[in-house]
Each structure stands twice: as structure tokens, then as C-alpha cells.
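A.B. asks: Give me the fold of what follows.
(chains A, B, C and D)
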Protein chains: 2
Amino acid sequence: MDAELTPRQTFFNLPPDKQQRVLEAAVQEFSERGYQQASINTIVSRVNIAKGSIYQYFDNKKSLFLFIFHQAISIVRQMLKHVKKESQGEDFFTRVKKSLLAGVEFIDKHPALYRIYLRILFERDSPLREDLLQAIRLFSREYLLSLLEEGQERGEIRKDIDPTLAIFILDAALDRFLQIYALPHLDPALDLKKKEGIEEKIDGIVTLLRHGLASVSGV
Amino acid sequence: MDAELTPRQTFFNLPPDKQQRVLEAAVQEFSERGYQQASINTIVSRVNIAKGSIYQYFDNKKSLFLFIFHQAISIVRQMLKHVKKESQGEDFFTRVKKSLLAGVEFIDKHPALYRIYLRILFERDSPLREDLLQAIRLFSREYLLSLLEEGQERGEIRKDIDPTLAIFILDAALDRFLQIYALPHLDPALDLKKKEGIEEKIDGIVTLLRHGLASVSGV
DNA sequence: CCATAATATGACCACCTGGTCATATTAAAA
DNA sequence: TTTTAATATGACCAGGTGGTCATATTATGG
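C.D. replies: Residues are numbered from 1 along each chain as shown, chains lettered A, B, ... in the order given. Below is the predicted model:
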């Protein structure tokens, strides 16, 4: 338990651009190879520092990884908090749409960070994996739940539905959409490469979630 | 290109129970640690054979992995083919429900195989990863599409919906459901551990997909 | 019983990993 | 300039990997 989970002071004393180069190289490597396969050797050689140096900045591989991951989480939290605030008063499905668009924006800005999330999702050996994932899920579900409840109060959402199930479907669809956006080969049919079509696709999906698939619209 | 993608004859000459022990140990290891991290040393020591022996059975690690993976795919194909045939003539949403139940059954029977699928999903370094995933996706989408089209012909499904989007949502929800079933910690709220509740949960989800979330059911 | 083919074995190889540490270099303080 | 503290360096370590191969063991059939 000696190891710190934050960088050492030495790291923060570095010139900011050097800090950034180190972090960028690490993010790149973790996103490309996952936690276990990521190589400290590769990182230091990419950023052109000696191997020993990175151990002046971080206690070990785990500490470097966790620092990056927590940074990413905090970016996402801020983004969603922002969307929620800005869209206050708007229709539930509009808010869902805007949240999804924010997700797309995040991936555009930080594709490697999103990749790291995807990797940790199914790499059993990432450190603190379960804790990290649960933190994300919990936040995501709380976020959607608050939107949903507001929607129910306004009468936009049926009141008899089980919020757990509704959130399950929303979460699944949103998550998958972003996954496909980041890794298009996952679903060649839903072609999200061309920017213009995306908003229409989102509209279509939200509409389906709204009205359902069935042709007879009764109970 | 010397390497074969199938076991060597020697493997098939083995007593069947030995074949099975080898495969089971390999499945176990790949499911626990993914492709790259899986250790041939661990496999041979678990099945109590010498390291050299496994290279009498398979050309290399990749060949062993692919053999297992293809076996798994073929099991899934058979299961879905069976469900589709057995449920012919039934309502679209009932068929979706039964397909999902078949998925649950598969995970119960072959939990490690399903884990391997989950791992390959986001491990960039699995061999032939993209090919394997595309094969799965294609099959899954074709399967759902054929159900959907039959449903549209019967008038159970609105005819104006974009099949690509509908399948996207269905696929996302089904896939996620199974993921949570296999890895409950992914969604502690949707608690799928107790067997009795599952069918109700599936019913609830299918109903939501059917009628949508909105309270006013117009266009 | 012998000869031949099939199978089993584990020491060994080159390579890579995360991490260490004595030493060299640079910066700051006196 | 001299002293002291901070930082940079890369050879080195123990431990792991996938894969090989000469040799030993077993099975087969004449």
C-alpha cells in the first residue's frame, strides 16, 4: 500500500508541455493495447525520455493508468452536467438526443480516452476495474433517471413503466450508438462516418424509443 | 502462411476425453485472460501434459484459439436456427423474447465461451478479430432482420420504420441484456441473478420496445 | 521380438516485461 | 564559485512469454 495513486510532485514541476506529452503518449498506448499489454518501454521511447524518468513521475504503471482514467471520468461528468443544465425545461426526448450528441462530441475530442473505456470494459485485469466501471454506471444511471423522472412529472413519459427497465434500454441504446460511432466496423450497416447523417440517425432512434415498434398503438 | 488453422491429425487421434480436457482448459484460460494474456504454460500445466505436446496438437496459440472460437460460433448458429424454426408463425415480439431466452440458456451452458466473445469484443490483438466480429454481427443482424420482415408482413410492425434503426435498437438491448446476465456487476440495479424474475424482465423490456416510452401514443 | 512410426517430454532459446538504482547531469541556493 | 538539492539516465534484474527440438517413451504391425 506504499504506492500513491497520484503523480509525484516531480511530475507537476515539469514544464506543462512535457507533462502533456507524457500523458498523451500514455493515453495513446493504453488505448491501443489496453492496460496489461500497454508497454512502459513504448511510452518512454515515444516521448523520448529515459525509462527511469517515468518512475520519477509516477510510482508505477497502475498509478499512471488511474491518473489518466480519473481525468477522463471527470471530463465526462462535466460534459453531462453541462448538457443537463443547458437543456433544463426541454422535452425528455430532446434531452436524450442532446446527451447523445454530447457523447459524440466527446469521442471526437478524446477518441483515445473513449477507447480506454471500451477496453477496460472487458479486460479483467485492469486495476480497480470493477470500482471504475461501477462508478461510471452509477453516474450514467443516475443521470438518465433524473431526466426520466422529470419527464414523467411533465407527463411526457408513461407513469406506469418500470424506470429500471426504461433506463436499461436507454443506456444500452446510447452506449451502443457511441461504440459504433467509435468503432464503425462493429455495425457496417449503420454507417456513422459521414457527419451530416448522424443527427437524423439519432432522431430516428429516439423516435423509435418514443413510440415503439408495434403498428397498433394501444396498450 | 505455413500455420494451419485447424488442429493437427494427432489431436483427433487422441482419446476423446483427453481432447476434451485440452479444449476445456484452453477455453477456461482464454475466457479468464483473453487472447494475448492467456498462457500456454498455464493451459498445459492445468491439463497435465508437457508443453511440447500441445504443439503436437495445434500449430500455435492462434490456431488453438481460432478452433475454439469457431466451435462456439457454430453452437450459437445452431441454437438460433432452432429457435427460428420452432417459433415459426408466432408473433414477432414473442420470437424476440424466445431468442433472448435462448441466449440466456447458451450462457448458462457455456459461460466461458460467452466470456471469450466478450473479451474479443474489445481486445484489439485477438487474431482475426475484425473478421470474427463481423461474422457474428452479420449473422445476428440477418437473423433479426428476417424476424422483423416477417413481422412487418403480418402487420405486427409499423411499415414505415427504418429496419436498420430498429435492428440497431433490438441488437443493442439484447446484447446488453446478455452481457448483464453474464456479468451482473455491470448493472446492479437490474438484478438478474434470481432465475424466476428473468422472464418478467424480458417481458417488460419487450413491451417497452413494442409500445415505446411516450405517454401520448400518436405519431 | 524387432522395426518403425507416432506421441510425449521438458530443458532450452530469444525476446519482452515492469521496475530498480548507482551514477551523471542540471538547477538553485549560499 | 561551491554546495546542495532535484532530475535524468540506461544498464541491469528477476520473471514471464511463445515456441523448438533432441531425446525418450509408447503403440503398431510384421
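
A.B. asks: any idea how far residue A:21 is from residue B:13?
C.D. replies: Plainly put, residue A:21 is 57 Å away from residue B:13 if you go by CB to CB, to the nearest Å. In short, each C-beta sits where N, CA and C put it, glycine included.

A.B. asks: So for the two, which sits in the more crowded spot?
C.D. replies: residue A:21 (16 against 9; other CB atoms under 10 Å in any protein chain shown).

A.B. asks: The more buried one is in contact with residue A:47, isn't it?
C.D. replies: Yes - Residue A:21 lies in contact with residue A:47 (CB atoms under 8 Å); the separation is 5.1 Å.

A.B. asks: number of nearby residues for residue A:121?
C.D. replies: 20.

A.B. asks: Work out for me the element it sits within.
C.D. replies: Using DSSP states H and E, residue A:121 sits within helix A:111-122.

A.B. asks: Equivalent analysis for residue A:199, please.
C.D. replies: Going by DSSP H and E, residue A:199 is part of helix A:197-211.

A.B. asks: Mind giving me the packing neighbours of that helix?
C.D. replies: The contact analysis (3 or more CB pairs under 8 Å, 6 or more residues apart in numbering or on different chains; DSSP states H and E) places helix A:197-211 against helix A:92-109, helix A:163-182, helix B:163-182.

A.B. asks: Poorly predicted segments of chain A, please.
C.D. replies: A:1-4, A:122, A:124-125, A:216-219 (pLDDT under 70).

A.B. asks: For it, what lies in contact range of DNA strand D?
C.D. replies: Contact residues (CB under 7 Å from any atom of the strand) of chain A with DNA strand D: A:9-10, A:13-14, A:18, A:49-53, A:55-57.

A.B. asks: Show me which residues of chain A sit near DNA strand C.
C.D. replies: A:38, A:39, A:40, A:41, A:42, A:51, A:52, A:55, A:60, A:61, A:62.

A.B. asks: Give me the buried subset of those.
C.D. replies: A:38, A:40, A:42, A:55, A:61 (16 or more other CB atoms under 10 Å in any protein chain shown).

A.B. asks: Tell me, how many residues neighbour residue A:20?
C.D. replies: 12.

A.B. asks: Next: residue A:72.
C.D. replies: Neighbour count of residue A:72, defined by other CB under 10 Å: 20.

A.B. asks: Check residue A:7 too.
C.D. replies: With other CB under 10 Å as criterion, residue A:7 counts 19.

A.B. asks: what comes up buried for stretch A:161-180?
C.D. replies: A:161, A:165-180.

A.B. asks: same thing with stretch A:192-202?
C.D. replies: Those would be A:192, A:198, A:201, A:202, for stretch A:192-202 by 16+ other CB under 10 Å.

A.B. asks: The first one and residue A:202 touch, don't they?
C.D. replies: This means residue A:192. No - with contacts counted by CB under 8 Å, residue A:192 stays clear of residue A:202, the gap being 9.8 Å.

A.B. asks: Centre-most residue in chain A?
C.D. replies: residue A:114 (5.3 Å; CA atoms, centre = their mean).

A.B. asks: isn't that one right up against residue A:181?
C.D. replies: No - with contacts defined as CB under 8 Å, residue A:114 does not count as touching residue A:181, sitting 9.1 Å away.

A.B. asks: between the two, what contacts are shared?
C.D. replies: Residues touching both residue A:114 and residue A:181 (CB atoms under 8 Å, 6 or more residues apart in numbering or on different chains): residue A:107.

A.B. asks: Surely residue A:29 is in a helix?
C.D. replies: Yes - according to DSSP: H, G, I helix; E, B strand; the rest coil, residue A:29 belongs to a helix.

A.B. asks: can you tell me which residues contact it?
C.D. replies: Counted by CB under 8 Å, 6+ apart, residue A:29 has contacts A:38, A:39, A:42, A:43, A:46.

A.B. asks: Adding secondary structure and distance to residue B:104, write those out as a markdown table.
C.D. replies: Formatted as a markdown table, those follow (DSSP: H, G, I helix; E, B strand; the rest coil; distance: CB to CB, whole Å):
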| residue | secondary structure | distance to residue B:104 |
| --- | --- | --- |
| A:38 | coil | 35 |
| A:39 | coil | 39 |
| A:42 | helix | 41 |
| A:43 | helix | 42 |
| A:46 | helix | 45 |
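
A.B. asks: How much space separates whichever residue of chain A sits closest to DNA strand D from residue A:5?
C.D. replies: Using CB to the nearest atom of the strand, residue A:52 is the residue of chain A that sits closest to DNA strand D, at 1.7 Å. According to CB to CB, residue A:52 stands 21 Å off from residue A:5.

A.B. asks: re earlier: going by distance to DNA strand C, which of the contacts of residue A:29 wins?
C.D. replies: Closest to DNA strand C, out of all of the contacts of residue A:29 and judged by CB to the nearest atom of the strand, is residue A:39, at 3.3 Å.

A.B. asks: Surely the closest one is in contact with residue A:28?
C.D. replies: No - shown here, residue A:39 and residue A:28 do not form a contact pair, counting by CB under 8 Å, at 11.6 Å.

A.B. asks: In space, what's closest to residue A:57 - neighbours in sequence excluded?
C.D. replies: residue A:11 (3.9 Å; CB to CB, 6 or more residues apart in numbering or on different chains).

A.B. asks: no no, residue A:146
C.D. replies: With CB to CB, 6+ apart, the residue lying closest to residue A:146 is residue A:84, at 7.5 Å.
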